[in-house]
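> for reference, the sequence and a predicted model appear below.
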Amino acid sequence: MFVVTLTFADNKARAGELMEGHKDWIKKGFDQGLFLMVGSLQPNAGGGIIAHNTTREDLEAFVAEDPFVAEQVVKAEILEITPARLDERLQFLAA
């Protein structure tokens with residue numbers, strides 16, 4: 001399982017012009033079964049993603065395709081988590 005943080009960077013002002021491409025990238029992540037959740041980092045600090053069902057290498061490549069990452073609107077950080085204990089509702093993450 002992975003947590004991806006997308007924190008605003010130097011080109012934050014370009015977010016508006018790249019938003020449609022960013023939304024398309026998010027949709028692709030859900031369509032491919034990579035993303036479980038996306039949301040905003042508060043207060044207005046960027047975004048966060050929970051991803052699974054992939055390798056770190058493949059996720060790194062996919063994150064690099066995000067227009068926000070490619071155009072340095074955000075800086076991406078990928079944290080890999082190996083679950084040690086899960087609520088029963090999240091058991092699918094242990095597979």
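Good, I have the coordinates. Numbers count the residues shown, from 1 in each chain.
> my guess is Thr7 contacts Val69, does it?
No. Between Thr7 and Val69 there is no contact under CB atoms under 8 Å: 10.9 Å. Where you see a C-beta, it was placed from the backbone N, CA and C, and this is true even at glycine.
> settle it for me: which of the two has more neighbours?
Remark: of Thr7 and Val69, Val69 carries more neighbours, 19 against 14, as counted by other CB atoms under 10 Å.
> in a helix, the more buried one, correct?
Yes. Using DSSP: H, G, I helix; E, B strand; the rest coil, the assignment for Val69 is a helix.
> give the contact list for the residue lying closest to it once chain neighbours are set aside.
Distances taken as CB to CB, 6 or more residues apart in numbering put Ala76 closest to Val69, at 5.0 Å, once the chain neighbours are dropped. Neighbouring residues of Ala76 by CB atoms under 8 Å, 6 or more residues apart in numbering: Val4, Thr5, Leu6, Val63, Ala64, Asp66, Val69.
> give me the pLDDT for the first one.
The predicted local distance difference test score for Val4 is 98.
> which ones are touching the closest residue to it other than its chain neighbours?
Once flanking residues are discounted, Val4 sits nearest to Ile49: 4.1 Å by CB to CB, 6+ apart. Ile49 sits next to Phe2, Val3, Val4, Leu6, Gly29, Phe35, Met37, Val38 when contact means CB under 8 Å, 6+ apart.
> what about the longest helix in the chain?
Counting residues, the longest helix found in the chain (DSSP state H) is helix 15-31.
> what does it contact?
With CB under 8 Å, 6+ apart, helix 15-31 has contacts from Phe8, Phe35, Val38, Ile49, Ala51, Phe62, Glu65, Asp66, Pro67, Phe68, Glu71, Val73.
> check contacts around Val38.
With contact set as CB under 8 Å, 6+ apart, Val38 has these partners: Ile26, Gly29, Gly47, Gly48, Ile49, Ile50.
> if we use 10 Å, what do you get?
Val4, Leu6, Lys23, Ile26, Gly29, Phe30, Gly47, Gly48, Ile49, Ile50, Ala51 (CB atoms under 10 Å, 6 or more residues apart in numbering).
> same check, this time on Ala70
Neighbouring residues of Ala70 by CB under 10 Å, 6+ apart: Leu18, Gly21, Trp25, Val63, Ala64.
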